[in-house]
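A.B. asks: My questions are about this predicted structure, shown below with the sequence.
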Amino acid sequence: MTQPCEIYRERTYENQGFPELIALVGTQPSLVLDIGCGAGANLRLLKERGHTATGLTLSETEARIVQEQGLSGQVWDITSETLPFPSESFDALIFSHVLEHLAWPDLVLRRCCQLLKPTGKVYVALPNAMLFTQRWQFLLGRFRYTEEGIMDRTHLRFYDFRTARQLLEAAELEVEQHFGLGQFPMGPLREWLPALSARVDRRVSKWCPGVFAIHLIVVGRFPAVE
């Protein structure tokens, strides 16, 4: 039987990255660790913004693709007890759609925070299991796994707007930012009126993130020492 970790050794995640999440890191050059870096899309975005970024992946294929782009990436199982870097090595940790794939994401998050400098931050993106389209599927009595998306068959944990925040709080992090990114169903108007659509998307994601947000974004840091 294929072990859970072997699934990720065989898969390659290639996309355009998550610019909205990367933008939160800012423009001050920082040392960033992208945990679950895929084929390096976010690493490219970080490099373009002047950051020094390193990626971790379970896939040797992904690590090779990352390195062929002149980026820094290595194979490592983040669920292991050991970490591949000294404590307090990074200014920022990025978990872009990674923690939902883990059996014990709170423990992994807490352990990885050892790599964060005292003034560093953690940037987390999670899929919203209560998106309005998924709520409709649940209402119809359908709980169906898919090959990608919110119900990706490799997802082991599911989050709504509130529990996304609680994940960071369970790791003893102070939540600095918490919001959703999504789209309001506008049909052909989205193509005809892109500026209006973008404005509506921002409004509904802010007013009702639990329903309309596709991505749940949480930024955390260590509590201030009094």
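C.D. replies: Structure received.
A.B. asks: buried set for the strand ranked longest in the chain?
C.D. replies: Longest strand in the chain, counting residues (DSSP state E): strand 116-127. Neighbour-count burial for strand 116-127, counted by 16 or more other CB atoms under 10 Å, picks out 116, 120, 121, 122, 123, 124, 125, 126, 127. Quick note: C-beta positions are derived from backbone N, CA and C, even for glycine.
A.B. asks: neighbouring strands for it, and are they parallel or not?
C.D. replies: If you go by DSSP bridges, strand 116-127 pairs up with strand 90-96 (parallel), strand 213-221 (antiparallel).
A.B. asks: Next, format the buried residues of strand 116-127 as TSV and append pLDDT and distance to residue 173.
C.D. replies: Shown next, in TSV, are the buried residues of strand 116-127 (pLDDT from 0 to 100; distance: CB to CB, whole Å):
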residue	pLDDT	distance to residue 173
116	97	9
120	97	11
121	98	9
122	98	6
123	98	11
124	98	9
125	98	15
126	98	14
127	97	20
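A.B. asks: and of these, the nearest to residue 22?
C.D. replies: residue 123 (8.2 Å; CB to CB).
A.B. asks: ok but residue 42 is inside a strand, no?
C.D. replies: No: with DSSP: H, G, I helix; E, B strand; the rest coil as the criterion, residue 42 is located in helix rather than a strand.
A.B. asks: Tell me where the model's unsure across this protein.
C.D. replies: For the chain, the stretches flagged by pLDDT under 70 are 1-14, 226.
A.B. asks: which helix is the longest one in it?
C.D. replies: Ranked by number of residues, the top helix in the chain under DSSP state H is helix 194-207.
A.B. asks: what's that one in contact with?
C.D. replies: 179, 180, 181, 182, 183, 184, 186, 189, 190, 211, 212, 213 (CB atoms under 8 Å, 6 or more residues apart in numbering).
A.B. asks: do you know how far the fourth one is from residue 100?
C.D. replies: Put plainly, it is residue 182. The spacing between residue 182 and residue 100, counted by CB to CB, to the nearest Å, is 16 Å.
A.B. asks: So if I had to pick from the two, which one is more boxed in?
C.D. replies: Neighbour count, other CB atoms under 10 Å: between residue 182 and residue 100, residue 100 has more, with 22 against 19.
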